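> Generate a structure from the sequence data that follows.
(one chain, ligands or ions: 1)
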Amino acid sequence: MRIGILALQGDVREHRRVLTALGAQVETVRRPAELAAVDGLVIPGGESTVIDRLARLSGLHEPLRAAIAGGLPVLGTCAGLIQLAERLRDGGPGQETFGGLDATVRRNAFGRQTESFETDLVVPDLEGPPVRAVFIRAPLIEELGPAARAVATLPDGRIVGARQGAVLGLAFHPESAGETRFHELFLESVRRR
Ligand code: GLN
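Numbers count the residues shown, from 1 in each chain. Down below sits the predicted model:
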């Protein structure tokens, strides 16, 4: 299994560490030919407006959109979730997403006091200890369409993770809290395909 990490901008290193520890062969993806060579893709956190701009500049936008629509398993965290949203609120000027998740996502949804916070989540799909999640200038999933379902919520019920087939989008950073179970779910989707 060759797993790509979209490496235009953002926290590539921590995803690489988790995926490598889980036994995946990890490649960075910056060009269309590199995208074509992987069986699954991680879109990391970072700044989604920059990821969007660089994806268009490098000719990756359209191939990525097509690959995701065609069933490529994808895990997107934070800015990566934003780039998976079919509908975006508070996006940057002209910001475009890759789509794949039938969701309305609001960028930078948490106010100043809570720009960054850590909390336990409700994640019925995962067994074991509660999921400790780190949120950094995080987005929020405000609405889900019928094709997607919630997989992670805050204790107050707001949705911070959703899944549609092999596409998994998370508003938080599991990779920086030592959490590996979402990456395992993602690798399972890759194996199944
Ligand atoms: N606020 C960032 C954005 O708009 C996302 C932050 C993150 O990925 N940690 O893309």
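
> give the contact list for the most centrally placed residue in the chain.
Residue closest to the mean C-alpha point of the chain, counted by CA atoms, centre = their mean, is G76 at 1.0 Å. Shown in contact with G76 (CB atoms under 8 Å, 6 or more residues apart in numbering): V42, I43, I82, Q83, L84, L101, V167, L168, G169, L170. No exception for glycine: its C-beta is placed from N, CA and C like everyone else's.

> would you say it is within a strand?
Yes: with DSSP: H, G, I helix; E, B strand; the rest coil as the criterion, G76 is assigned to a strand.

> any idea how far the ligand is from it?
10 Å (CB to the nearest ligand atom, to the nearest Å).

> That residue bridge partners, please.
Applying DSSP bridges to G76 yields these beta-bridge partners: I43, G169.

> Same check on E143?
Following DSSP bridges, E143 is listed with bridge partners T104.

> Could you grab the helix/strand/coil label for R65?
At R65, secondary structure determined by three-state DSSP is helix.

> hang on, it packs against Q83?
No: with contacts defined as CB atoms under 8 Å, R65 does not count as touching Q83, sitting 10.1 Å away.

> what about these two, which has more around it?
Counted by other CB atoms under 10 Å, R65 and Q83 do not tie: Q83 has more neighbours, with 31 against 16.

> The more buried one belongs to a helix?
Yes: counting by three-state DSSP, Q83 is located in a helix.

> For it, give me its contacts.
The neighbourhood of Q83, defined by CB under 8 Å, 6+ apart, consists of I43, S48, I51, D52, A55, G76, T97, F98.

> before we move on, back to that, what do R65 and Q83 both touch?
Common neighbours of R65 and Q83 (CB under 8 Å, 6+ apart) are F98.

> doesn't R16 fall inside a strand?
No: counting by three-state DSSP, R16 falls outside a strand, being helix.

> on that earlier part again, for the contacts of Q83, give me a markdown table that also has pLDDT and secondary structure.
Supplementary listing: these in a markdown table, determined by pLDDT from 0 to 100; DSSP: H, G, I helix; E, B strand; the rest coil:
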| residue | pLDDT | secondary structure |
| --- | --- | --- |
| I43 | 98 | strand |
| S48 | 98 | helix |
| I51 | 98 | helix |
| D52 | 98 | helix |
| A55 | 98 | helix |
| G76 | 98 | strand |
| T97 | 98 | coil |
| F98 | 98 | coil |
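
> And those residues, which is closest to V131?
G76 (16.7 Å; CB to CB).

> per-residue pLDDT, Q113?
If you check Q113, the pLDDT there is 67.

> How many neighbouring residues does R193 have?
Neighbour tally, R193, other CB under 10 Å: 13.
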